Every structure is written in C-alpha cells, then in structure tokens.
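Here's a sequence, model it:
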Amino acid sequence: MRIATHGVVAVLAVLIGIGIGYYLWGLQVTGLTGQLRQQRSEYEYRIAEQERRIQTAEERARQETETRKVFEGQLNRVQPQK
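Purely as a prediction, here's the structure:
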C-alpha cells in the first residue's frame, strides 16, 4: 500500500512539474511573441522611413535634372554651342 501511495504521489508530482513547466514555457513564449511584434513594428517603421527618404531623394534628383535642363536651355540661348 505504501508503495502504491508513493507511486501515485510521484506521478502527481511529475504531472504537476510538467504542468508548471508548460505554464512557464507559455509565459516565455508570450513574452517572446511580444518582443517579436515590437521588433517587427520597429523594422516596419524603419523601412517606411527609408522608403520616404528614397522618394524624397528621387524627387530632388528629378527636380535637379529639370532645373539643369532649364539652365542649359537658357545657356544655349545666350551662348549657342556649335
């Protein structure tokens, strides 16, 4: 009888230990999931910021090209090239 009681207690202790382990593992997974969401949000913000910078640089380059063409046209009117 004593062996059976000790066996049942040991099995219950193992099951409780496994349950606590899964619970703690679940807490860690939840924490890691939150960290991943935060990092993903930060990376998406950085990507969006870089895309805005690229668009601004492209617009600036386009404007500079147009300005250069206008200046070259005016220069050709003042001093025509052969």
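
Helices along the protein, start to end?
For the chain, applying DSSP state H gives helices covering 2-78.

low-confidence ranges in it?
Applying pLDDT under 70 to the chain flags the ranges 82.

Look up how far residue 24 lies from residue 18.
From residue 18 across to residue 24, the span is 11 Å (CB to CB, to the nearest Å). Heads up, the C-betas are built off the backbone N, CA and C, glycines and all.

same deal with residue 2?
Taking CB to CB, one finds residue 2 at 32 Å from residue 24.

swap in residue 71?
70 Å.

which one of residue 2 and residue 24 has more residues nearby?
Higher neighbour count among residue 2 and residue 24: residue 24, with 10 against 6, using other CB atoms under 10 Å.

Pull up the gap between that one and residue 32, please.
To residue 32, residue 24 is 13 Å away according to CB to CB.

Next: residue 76.
Taking CB to CB, one finds residue 76 at 65 Å from residue 32.

can you check residue 66 too?
51 Å.

Check residue 73 too.
The value you get for residue 73 to residue 32, if CB to CB is used, is 61 Å.

now swap in residue 10 and tell me
32 Å.

now swap in residue 61 and tell me
In terms of CB to CB, residue 61 sits 43 Å off from residue 32.

again, but for residue 53
For residue 53, the distance to residue 32 - CB to CB - is 31 Å.

And for residue 51?
In this view, residue 51 and residue 32 are 28 Å apart by CB to CB.

ditto for residue 22
15 Å.

How about residue 26?
Applying CB to CB to residue 26 and residue 32 gives a distance of 11 Å.

Equivalent analysis for residue 40, please.
Counting by CB to CB, the gap from residue 40 to residue 32 is 12 Å.

Then residue 5?
From residue 5 over to residue 32 (counting by CB to CB), the distance is 40 Å.

give the contact list for residue 23.
With contacts defined as CB atoms under 8 Å, 6 or more residues apart in numbering, residue 23 has no neighbours.

same question but for residue 35, I mixed them up
Per CB under 8 Å, 6+ apart, neighbours of residue 35: none.

Any idea how far stretch 40-48 is from the middle of the chain?
Taking the mean C-alpha point of stretch 40-48 and that of its whole chain, the gap between them comes to 5 Å (CA atoms, centre = their mean, to the nearest Å).
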